[in-house]
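In: below: sequence and its predicted model.
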Amino acid sequence: MLMNMYIQKVERGLRMGRLFGTDGVRGIANKELDSMLAFNLGRIGAYVLTEETHHKPRIAVGKDTRISGDMLESALIAGICSMGAEAVVLGVQPTPAVAYLTRHYGLDAGIVISASHNPFEYNGIKFFNNNGYKLSDELEDKIESLLMAEENKIANPIAEDIGKKLEIDNAVHAYIDFLKKTIDVNLRGLKIAIDCANGASYIAAPSVLADLGAEIVVINNKPDGKNINVNCGSTYPQNLQRLVKETGAHVGLAFDGDADRLIAVDNRGELVDGDHIMAICAKHFKEKGKLKNDTIVTTVMSNMGFDIAMRREKCGFVKTSVGDRYVLEEMIKGGYNLGGEQSGHIIFLDHNTTGDGLLTALQLLAVIKESGKKLSDLAAIMTELPQVLVNAKIKNENKNKYKEDAEIAAMIDQLEAKLKDRGRVLIRPSGTEPLVRVMLEGENKAEIQKDAEALANLIQNKLG
C-alpha cells in the first residue's frame with residue numbers, strides 16, 4: 001500500500017517534468033521531498049551508481065545546515081545500506097567539498113543533501129559519480145525509471161551483505177587543506193569580510209582564509225537549521241556591503257547555503273558578480289598562460305558587457321544554456337579550464353569538478369595579491385550593460401510556441417535590429433513554471449524596460 005502511494009507520488013512529479021532538475025531532486029522537505037523518496041533515491045542511486053563495482057561500494061553523504069538535513073540523511077543512509085553499500089557520512093559540508101572528498105577518499109559516488117540558495121523549508125538531493133562530476137541525463141533517467149518499478153525488481157541483500165555507515169570526523173579539514181594548495185600566495189595584509197549565509201561554509205570559509213594569513217570579519221556563521229540564506233549570503237549581500245564599508249575591508253565574500261557560488265564586494269562596497277569575477281580571472285590567467293585555449297565558457301545569461309570585455313582582451317568565449325552542468329559539459333568537450341555563470345557558480349576545472357565558492361574566492365584573492373590592485377580597479381575590466389527581465393504568464397503547453405507566432409517573431413526582429421551590437425533580446429521559457437522570461441540588454445534602461453514589457457505583454461496576450 002505504502003509503495004503504491006509512493007509510486008503515485010513519483011508519477012505525479014514526473015507528469016510535471018523530470019524528477020531531476022538541472023541540480024538534482026529538489027522540493028519542500030517532508031512534502032515533495034520526504035523520507036520515503038530519500039530512502040528510495042539512496043537505494044536505487046546506490047544500485048545504479050555502483051552496479052559495475054566489483055567490491056563493496058562506498059558512497060559519500062554530505063549535507064548543508066537545514067533542519068531537514070538530519071531526516072533526509074538518515075533515510076538516504078538507510079537506502080544506501082539496504083543495497084549492501086557503505087555510507088561514508090561526511091556531516092555538514094559545502095557541495096564542492098563532497099565532490100572533492102569523493103575523489104580524495106577513493107569512493108564510488110557522492111550524494112549531497114542541499115537546496116543551495118533556496119529557503120530553509122526546501123531541500124534537495126544531488127549525486128556525483130566517482131570522479132566528482134554531476135550525473136548525466138542518461139543516468140538520472142535510469143534512476144527515475146527504476147523509481148517507477150515495483151519494489152521487488154531489485155533484490156535486497158541479506159545477512160552479512162547488508163551495508164553499514166562509516167562516519168568521518170572533521171572531513172572538512174581535508175577539503176580545507178586541498179583549498180590552501182590551489183594558490184601560490186598567502187593572504188597576509190588583506191582584511192576580508194565574510195558572509196557564510198548560515199550555511200555549509202561556516203567552518204571552512206573562516207578557517208581557510210585565516211590559515212592563509214588574512215584578517216577576517218565574519219557574519220552569518222551561526223546556523224540553527226532555519227536561518228540558512230535568510231537575509232544573508234550571496235542572494236542578499238546588502239549586509240556584507242555595509243560591513244565592508246564599516247570595517248574598511250579590502251574585499252567581501254558572500255557564499256550561498258551550500259557554498260557552490262560566490263558574489264564578491266569590492267573595497268568601495270560595490271557588488272562584483274560572477275561575470276566580473278570570470279572576466280578578472282580570465283584576463284589574469286591568459287596573461288600567465290594558464291587559460292586553456294585562451295577561452296572561457298559562460299551561459300546565455302552573462303551580460304553583454306562581459307562579451308565586449310573579452311573581445312577587447314582577446315579572450316574567446318563559448319555560450320551554453322543556463323546551468324553549471326551545461327557549462328561543465330562544454331568545458332570538458334572543448335578542453336577549457338575556466339567557466340561559469342553570472343550568479344557566481346564558477347568552475348576552475350584544474351582544481352575541482354563543480355562550482356566552488358571557496359575555490360573561486362581564493363582564485364580571486366590570488367589575483368588581487370599578485371596584481372597589487374584593488375578589487376574595484378580589477379572589476380573595471382567590464383562595464384555592465386543595463387539588463388531587465390519581465391515574465392510573461394502563459395499556458396504551460398504554449399511555452400515554446402512564441403517561436404511559431406509571426407507577430408511575436410516580427411517584434412523580436414524589430415527589437416534586435418534596434419539594439420544591434422549594443423544590446424540583445426533573450427527569450428527563455430521557464431523550466432518549472434508556466435512562464436516565458438523576456439530579457440533585454442541595452443544602454444538605455446528606461447527604453448529597454450518599456451520594450452521588454454511590450455514584448456512580454458504581446459507574448460502573454462497571444463499565448464496566455
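Out: In hand now; what should we look at?
In: alpha carbons only for contacts and neighbour counts from here, please
Out: Fine.
In: and the pLDDT at Arg12?
Out: For Arg12, the pLDDT comes out at 44.
In: let me fix that: Asn152
Out: What the model reports as pLDDT for Asn152 is 53.
In: same check, this time on Gln8
Out: pLDDT at Gln8 comes out at 49.
In: swap in Lys399?
Out: Looking at Lys399, the pLDDT reads 81.
In: now swap in Ile347 and tell me
Out: On the pLDDT scale, Ile347 gets 98.
In: was I right about it contacting Thr353?
Out: Yes. If you go by Cα atoms under 8 Å, Ile347 and Thr353 touch, sitting 6.9 Å apart.
In: and for those two, which residues touch both?
Out: Residues within reach of Ile347 and of Thr353 at once, by Cα atoms under 8 Å, 6 or more residues apart in numbering, are Leu328.
In: more crowded one of those two?
Out: Ile347 (28 against 18; other Cα atoms under 10 Å).
In: what bridges to that one?
Out: Gly339 (DSSP bridges).
In: which residues touch it?
Out: Contacts of Ile347 by Cα under 8 Å, 6+ apart are 328, 337-340, 353-356, 360.
In: pretty sure Ala361 sits in a strand.
Out: No. Assessed with DSSP: H, G, I helix; E, B strand; the rest coil, Ala361 is helix; it does not lie in a strand.
In: quick one: buried residues of the longest helix seen in the chain?
Out: Longest helix of the chain, by residue count under DSSP state H: helix 445-463. Using 16 or more other Cα atoms under 10 Å as the test for burial, helix 445-463 gives 448-449, 451-453, 455-460, 463.
In: only alpha carbons, please: show that helix as PDB.
Out: Listed next in PDB are the C-alpha coordinates belonging to helix 445-463 (Å, rounded to 0.1, in the frame of the first residue of the first chain):
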ATOM      1  CA  LYS A 445      17.500  51.100 -19.100                       C
ATOM      2  CA  ALA A 446      14.200  53.000 -19.300                       C
ATOM      3  CA  GLU A 447      13.900  52.300 -23.000                       C
ATOM      4  CA  ILE A 448      14.700  48.500 -22.800                       C
ATOM      5  CA  GLN A 449      12.300  48.300 -19.800                       C
ATOM      6  CA  LYS A 450       9.500  49.700 -21.900                       C
ATOM      7  CA  ASP A 451      10.400  47.400 -24.800                       C
ATOM      8  CA  ALA A 452      10.600  44.300 -22.600                       C
ATOM      9  CA  GLU A 453       7.200  44.900 -21.100                       C
ATOM     10  CA  ALA A 454       5.700  45.400 -24.500                       C
ATOM     11  CA  LEU A 455       7.100  42.200 -25.800                       C
ATOM     12  CA  ALA A 456       6.100  40.300 -22.700                       C
ATOM     13  CA  ASN A 457       2.600  41.600 -22.900                       C
ATOM     14  CA  LEU A 458       2.300  40.600 -26.500                       C
ATOM     15  CA  ILE A 459       3.500  37.000 -25.700                       C
ATOM     16  CA  GLN A 460       1.100  36.800 -22.700                       C
ATOM     17  CA  ASN A 461      -1.900  38.100 -24.700                       C
ATOM     18  CA  LYS A 462      -1.300  35.700 -27.600                       C
ATOM     19  CA  LEU A 463      -0.200  32.600 -25.600                       C
END
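In: residues contacting that helix, please?
Out: 386-395, 398, 401-402, 408, 411-412, 415, 436-442.
In: if any of those residues are buried, put those into a PyMOL selection.
Out: Here is the PyMOL command that selects only those of these that count as buried (16+ other Cα under 10 Å):
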select buried, resi 386+387+388+389+390+391+392+393+394+398+402+408+412+415+436+437+438+439+440+441+442
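In: which of the contacts of Ile347 sits closest to Ala193?
Out: Distance to Ala193, by Cα to Cα, is smallest for Thr360 among those, at 15.3 Å.
In: burial count for that closest one?
Out: So Thr360, with other Cα under 10 Å, has 26 neighbours.
In: that one and Glu52: what is the separation?
Out: Between Thr360 and Glu52 the computed distance is 34 Å (Cα to Cα, to the nearest Å).
In: ok, Asn267 next?
Out: Distance from Asn267 to Glu52, by Cα to Cα: 52 Å.
In: who's more crowded, the two?
Out: Asn267 (21 against 9).
In: okay, now the domains of this structure?
Out: Split into domains by automatic domain parsing, the chain comes to 2-171, 188-379, 387-463.
In: which one, of the ones you listed, ends up nearest to Leu179?
Out: domain 188-379 (6.4 Å).
In: what about that closest one, how long is it end to end?
Out: Calculated as Cα to Cα, the first-to-last residue distance of domain 188-379 is 21 Å.
In: and what of stretch 417-425?
Out: For stretch 417-425, the end-to-end distance is 10 Å (Cα to Cα).
In: repeat that for stretch 329-339.
Out: 10 Å.
In: list the contacts for Leu440?
Out: 387-389, 423-426, 448-449, 452.
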